[in-house]
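**Q** Got a sequence here, can you model it:
(one chain, ligands or ions: 1)
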Amino acid sequence: MKKLVIAFAAMLAGLAAASAQQYPNRAISIIVPFSAGGPSDAMARILAERMKSTLGQNIVVENVTGAGGSIGVGRAVRSAADGYTISFGHLGTHVANGAIYPLQYDMLTDLEPVVLLPSNPMVIVSKTAVPAKNLKELVAWLKANDGKVSAGTAGAGSGSHIAGVYMQGIIGSKFQFVPYRGTAPALTDLVAGQIDIIVDQTSNSISQIRSGNIRAYAVTDSKRVPSAADIPTVDEAGLPKFHMTLWSGMWVPKGTPKEAITKLNAAAVEAMADPAVRKRFEELGLEVPPRAQQTPEALAAHHKAEIAKWWPIIKAANIKVD
Ligand code: ASP
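**A** Prediction:
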C-alpha cells in the first residue's frame with residue numbers, strides 16, 4: 001500500500017512537472033483596454049505576432065474597452081492567474097486610473113509585472129480647419145476659445161486625457177473633453193473635423209500627420225521623434241514645461257507562476273530585439289527601452305516611480321470620471 005501511495009505521488013509530481021514544462025499549451029489572450037486600430041492595440045498586435053513564434057501558441061488580442069481602460073484592466077485582474085491572460089496597458093491605465101477611479105483592484109499588488117514596453121511622446125494635433133499654424137498661435141487660439149475647444153480622449157484617465165489635463169494647466173485654459181473608447185475613433189473624428197484637437201500618442205497620429213489630414217504642432221519631449229523629424233519639440237515650439245512620455249507594459253494577474261512570467265518576458269524581449277519589429281516601432285515613433293529595463297523588476301520599479309510622480313499632479317487637477 002505504502003509503495004502504491006509513493007508511486008502515485010511520484011506520478012502526480014511527474015504530471016505536474018510535465019504540465020509546467022508545457023506552458024504554454026493553449027492560446028494566450030492579451031487584454032487591450034482600448035479600441036482596435038489605436039496605439040495600444042497596434043503595439044500589442046505587433047508584439048503578439050512575434051511572441052507567438054517564440055511561445056509556439058496563438059496570442060489573441062481582446063479589446064475590452066471603457067472607463068479609461070479600467071474595465072479591461074479589471075477583467076485581466078479577475079482572470080485565472082495561470083499565464084494565459086495578459087494585461088496590456090500604459091501610464092494611463094496602470095497609473096493615472098488609480099488616481100481618479102474608485103477601482104476594485106490595486107494596480108500594484110493585484111498584478112505582477114512582466115515587461116516594460118516601448119514609449120513615445122504625445123503630439124499636439126488639430127483638425128486642419130483650426131487657423132493656427134504653429135504652437136504659439138495654437139495656444140493663443142485655445143486661450144481665445146477658453147472652455148469651447150473640443151479635445152478628443154480615450155476616456156478619463158487615459159494617456160490622451162492626462163496629457164490634455166496637463167496641457168490645460170500649463171497654458172491656463174480649459175478644453176471640453178470628448179471621451180471615446182480609444183484614440184482610434186477620436187482620430188477618425190479629428191480627421192473628419194468633428195472635434196478640434198487631441199493630445200495624442202505620436203504612434204497613433206503619425207500617419208494622418210504625414211498624409212496632411214491633421215496638423216501637428218509639437219511633440220511633448222526635449223528631442224524630436226526621428227521618424228517625424230519635421231515636428232518640433234515643445235521646447236522649440238514654446239511650451240518647454242510640457243514633457244510627457246507614454247510608456248506601455250504587460251502585467252499578469254497576481255499569483256501567476258513565475259515560470260510563465262519568465263517565458264512571457266523572454267518572448268517579449270525577443271520580439272523587441274527583432275529587427276523587423278524594431279523597424280515597425282521606429283516608423284511609429286516608438287522607442288524600445290534599453291535591454292536592462294526590460295525585466296519584470298525594472299517594470300515594477302518604474303511603475304512605482306510613475307505612480308509617485310503622477311498621482312499628486314492628477315489628484316491636484318481634480319479630474320471627474322466620465
Ligand atoms: N493609448 C491611448 C490613450 O491612452 C488609447 C488607445 O490606445 O486607444 O489615450
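
**Q** The biggest strand by length in the chain near the ligand at all?
**A** In the chain, taking DSSP state E as the definition, the longest strand is strand 111-127. No - on the criterion CB under 6 Å from any ligand atom, strand 111-127 is out of touch with the ligand, staying 8.7 Å away. The way it works is simple: take the backbone N, C-alpha and C, and place the C-beta from them, glycine included.

**Q** Only C-alpha atoms, please: export that strand in PDB.
**A** What follows is the C-alpha trace of strand 111-127 in PDB, where atoms were taken according to Å, rounded to 0.1, in the frame of the first residue of the first chain:
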ATOM      1  CA  LEU A 111      -0.900  42.400 -10.900                       C
ATOM      2  CA  GLU A 112       2.600  41.000 -11.400                       C
ATOM      3  CA  PRO A 113       4.900  42.900 -13.800                       C
ATOM      4  CA  VAL A 114       6.100  41.100 -17.000                       C
ATOM      5  CA  VAL A 115       7.900  43.600 -19.200                       C
ATOM      6  CA  LEU A 116       8.300  47.300 -19.900                       C
ATOM      7  CA  LEU A 117       7.400  48.100 -23.500                       C
ATOM      8  CA  PRO A 118       8.200  50.900 -25.900                       C
ATOM      9  CA  SER A 119       7.300  54.500 -25.200                       C
ATOM     10  CA  ASN A 120       6.700  57.700 -27.200                       C
ATOM     11  CA  PRO A 121       5.900  61.300 -26.600                       C
ATOM     12  CA  MET A 122       2.500  62.800 -27.100                       C
ATOM     13  CA  VAL A 123       1.900  65.000 -30.100                       C
ATOM     14  CA  ILE A 124      -0.400  68.000 -30.100                       C
ATOM     15  CA  VAL A 125      -2.700  67.800 -33.200                       C
ATOM     16  CA  SER A 126      -5.700  69.700 -34.500                       C
ATOM     17  CA  LYS A 127      -8.200  69.400 -37.400                       C
END
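
**Q** Stretch 210-228 and the ligand in contact?
**A** No - using CB under 6 Å from any ligand atom, stretch 210-228 never reaches the ligand; the gap is at least 12.9 Å.
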